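Q: compute the structure for the input listed below.
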Amino acid sequence: MIPWGDKMKMNRRNCLKTMLTLGAGVGAMSAWPSRLAAHMKAAGRNRKLIVLWMPGGPSQMDTWDLKPGHANGGPFQELQSSVPGMRFSEHLPELGKLAEHLSIVRGMQTKEGDHSRGTFLVRTGQRPGAPFRYPALPAALAKELAPSDPGIPGYVSILPNSFINPPAFSAGFLGASREPLTVAGTASYDPNQIGQEAAPDADNPVDLRVDNLLPPDRLDLPRVEQRKRFWNVLQSSYGASARGGASLTHDTVYRRAMQLAESDLVEAFDLNEEEDAVRRRYGVDAFGQGCLMARRLLERGVPVVEVSLSDGPAGLSWDTHADNFSSVKRLSERLDRSWSQLMLDLKSSGLLDETTIVWMGEFGRTPQINEMGGRDHFPNAWSCVLAGAGIVGGSIVGETSADGMEVKDRPVSAPDFLATLCHAVGVDPETENMTEDLRPIKIVEGEPIREILT
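A: Presented below is the predicted three-dimensional model:
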């Protein structure tokens with residue numbers, strides 16, 4: 001009996017691949033697909049994913065791939081982590097203590113150095129300008145990991161700043177029902193947007209709210225119920241059986257919102273239920289509170305949660321063309337505090353055993369330091385990090401040259417990295433979804449980094 005999970009597509013290619021694998025019988029490489037299939041079957045729908053999205057392009061040279069002693073290296077020192085030989089920034093000390101759960105991919109090579117184009121590529125696995133509305137990978141994985149309870153959203157995105165490329169944050173041809181539920185989202189340029197960095201001495205944690213979930217304050221419950229009944233009458237009389245396009249999207253979005261507003265999951269978004277000391281351990285800024293909310297959502301069955309560190313009027317926190325080192329130090333300290341606390345809490349509850357975490361941005365930054373003390377866009381050789389379930393922790397994949405300018409060993413493309421992430425959460429990247437014109441499209445086409453998959 002072929003050990004595929006109930007979400008795997010038994011098409012001709014997968015069937016042939018499985019038969020060839022079983023026939024080979026020997027050799028580590030030939031046995032790997034069989035072990036992977038069993039791993040996916042065991043993972044089932046219990047697997048979860050947290051995406052820590054770092055818009056702007058984080059500097060790999062000052063976080064995960066330092067070059068101490070080189071002119072390109074900058075002033076930061078390396079930290080010896082809890083794993084012998086695994087070193088990264090001195091400003092990530094708490095994550096250093098959890099290095100046995102981390103896998104650093106240092107050979108990212110993606111070739112798109114524009115914020116909009118790079119964002120689309122690393123979030124979908126596709127180059128911009130494609131003929132289809134490709135879904136962002138978190139949305140595609142949420143579809144496969146979706147909970148059986150229709151009242152629980154498959155994908156929640158906290159603090160997204162999507163105006164740089166809205167399609168890169170959408171469910172694409174998967175439809176409105178697969179769009180993320182957003183918390184404090186920003187879809188356009190707004191210099192006063194929520195999500196700006198809280199002052200270090202802020203007295204109270206940032207208050208995050210689900211976008212458009214609660215009714216206006218002026219409406220009491222009876223009036224809300226009255227409007228809901230009236231809306232249902234209008235919807236049922238408007239060709240419900242033949243509804244499509246914009247009208248179907250409108251109906252889907254409204255019904256999802258009403259269903260969620262009436263569910264017990266609403267409590268997960270109320271961070272006031274947490275002790276004040278817990279909220280402060282995560283950090284009082286928006287990113288810290290977003291990580292706490294992510295933990296609460298996973299505990300209640302949401303399979304995919306994304307948290308963005310998207311400060312400032314443009315939301316591109318890591319876009320450090322000037323004053324790179326003070327900015328990256330400040331961002332790294334916030335990241336270290338919030339991410340490490342999230343992992344500690346998931347570990348203590350046992351959820352880390354079924355949760356994969358990915359840290360990524362749209363590209364890296366130049367090894368050379370510019371005249372403004374900053375680093376510019378650099379997609380040629382940069383880093384991403386995987387952690388938690390499905391990942392061989394305490395590992396490093398790839399190597400860059402001494403000056404950081406090129407990948408010397410194990411280059412990894414965006415599709416390769418996303419295929420690796422699919423496997424880590426127990427989803428076959430070759431799973432096909434249908435476009436609007438009924439064309440089958442794989443989740444992602446890439447070669448996974450097999451050596452870091454359990």
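
Q: can you mark which positions in stretch 97-112 are buried?
A: 98-99, 101-110, 112 (16 or more other C-beta atoms under 10 Å). The way it works is simple: take the backbone N, C-alpha and C, and place the C-beta from them, glycine included.

Q: out of those residues, flag the one nearest to residue 453.
A: For these, the closest approach to residue 453 (C-beta to C-beta) belongs to residue 103, at 9.4 Å.

Q: who touches the one helix or strand residue 306 maps to?
A: Using DSSP states H and E, residue 306 falls within strand 304-308. With contact meaning C-beta atoms under 8 Å, 6 or more residues apart in numbering, strand 304-308 is reached by 48-55, 138-139, 141-142, 145, 154-161, 180, 195, 287, 290-291, 293-294, 297-298, 315.

Q: sort out for me which of these are in helices.
A: The helices, defined by DSSP state H, take in 138-139, 141-142, 287, 290-291, 293-294, 297-298 from these.

Q: pick out whichever of those sits closest to residue 324.
A: residue 287 (19.1 Å).

Q: with adjacent residues omitted, what lies nearest to that closest one?
A: Leaving out its chain neighbours, the residue that sits closest to residue 287 by C-beta to C-beta, 6 or more residues apart in numbering is residue 309, at 4.6 Å.

Q: quick one: the helices in the stretch 51-200 of the chain?
A: 93-96, 115-124, 137-144 (DSSP state H, counting those that start in this stretch).

Q: what about the ones you listed, which gets the closest to residue 335?
A: helix 93-96 (7.9 Å).

Q: same question for that closest one, mean pLDDT?
A: The average pLDDT within helix 93-96 is 98.

Q: repeat that for stretch 125-135.
A: 92.

Q: what does it contact?
A: Contact with stretch 125-135 is made by 112, 116-117, 120-121, 124, 137, 165, 167, 170-174, 178, 414-415, 418-419, 433, 435, 439, 441, 444-446, as judged by C-beta under 8 Å, 6+ apart.

Q: now the buried members of those.
A: Buried by 16+ other C-beta under 10 Å: 112, 116-117, 120-121, 124, 137, 165, 167, 170-174, 178, 414-415, 418-419, 433, 441, 444, 446, out of those.

Q: in strands, which of those fall?
A: Residues from the buried ones among the contacts of stretch 125-135 lying in strands, with DSSP state E as the criterion: 433, 441.

Q: surely residue 171 meets residue 136?
A: Yes: with contact defined as C-beta atoms under 8 Å, residue 171 reaches residue 136; the gap is 7.2 Å.

Q: what's the spacing between residue 424 and residue 431?
A: 15 Å (C-beta to C-beta, to the nearest Å).

Q: quick one: which of the two has more around it?
A: Set residue 424 next to residue 431 and count neighbours by other C-beta atoms under 10 Å: residue 424 wins out with 28 against 21.

Q: which non-adjacent residue is nearest the more buried one?
A: Distance criterion C-beta to C-beta, 6+ apart; nearest residue to residue 424, sequence neighbours excluded, is residue 390 at 3.4 Å.

Q: list phi and psi for that neighbour.
A: phi 80, psi 0 (degrees, to the nearest 10).

Q: residues in contact with it?
A: Contacts of residue 390 (C-beta under 8 Å, 6+ apart): 39, 43, 47, 356, 423-426, 453-454.

Q: recalculate using a threshold of 10 Å.
A: By C-beta atoms under 10 Å, 6 or more residues apart in numbering, the contact set of residue 390 is 39-40, 43, 47, 49, 353-356, 420-426, 452-454.

Q: against residue 386, how distant is the residue nearest the centre of the chain?
A: Centre of the chain computed as the mean C-alpha position; nearest residue by C-alpha atoms, centre = their mean is residue 51, 2.2 Å away. The spacing between residue 51 and residue 386, counted by C-beta to C-beta, is 11 Å.

Q: same thing with residue 302?
A: The gap separating residue 302 from residue 386 is 20 Å, by C-beta to C-beta.

Q: doesn't residue 70 make contact with residue 400?
A: No: contact criterion C-beta atoms under 10 Å: residue 400 and residue 70 do not qualify, at 11.1 Å.

Q: hang on, isn't residue 142 packed against residue 178?
A: Yes: the pair residue 142 / residue 178 is scored as a contact, 6.7 Å apart, by C-beta under 10 Å.

Q: shared neighbours, these two?
A: Residues touching both residue 142 and residue 178 (C-beta under 10 Å, 6+ apart): 135-136, 153-155, 171.

Q: and the residues you listed, which is closest to residue 227?
A: residue 153 (22.7 Å).

Q: the closest one against residue 180, yeah?
A: Yes: with contact defined as C-beta under 10 Å, residue 153 reaches residue 180; the gap is 7.7 Å.

Q: check contacts around the residue lying closest to residue 422 once chain neighbours are set aside.
A: Of all residues not flanking residue 422 in the chain, residue 429 sits nearest, at 4.0 Å (C-beta to C-beta, 6+ apart). Listed by C-beta under 10 Å, 6+ apart, the contact set of residue 429 reads 125, 137, 140-141, 415-416, 418-423, 442-448.

Q: reformat the helices of the stretch 51-200 of the chain as JSON lines; add distance to residue 337.
A: Output for the helices of the stretch 51-200 of the chain, formatted as JSON lines (distance: least, C-beta to C-beta, whole Å):
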{"stretch": "helix 93-96", "distance to residue 337": "7"}
{"stretch": "helix 115-124", "distance to residue 337": "25"}
{"stretch": "helix 137-144", "distance to residue 337": "24"}
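
Q: you'd agree residue 165 is up against residue 116?
A: Yes: Residue 165 is within contact range of residue 116, at 4.4 Å (criterion: C-beta under 10 Å).

Q: what distance separates the longest helix seen in the chain from the centre of its chain?
A: If each helix of the chain is counted by residues according to DSSP H, the longest one is helix 324-349. Distance of helix 324-349 from its chain centroid, counting by C-alpha atoms, centre = their mean, to the nearest Å, is 15 Å.

Q: same check, this time on stretch 269-288
A: Here the centre of stretch 269-288 is set off from its chain's centre by 21 Å, with C-alpha atoms, centre = their mean.

Q: and the average pLDDT for that stretch is what?
A: Mean predicted confidence for stretch 269-288 is 96.

Q: how about stretch 355-374?
A: Mean predicted confidence for stretch 355-374 is 98.
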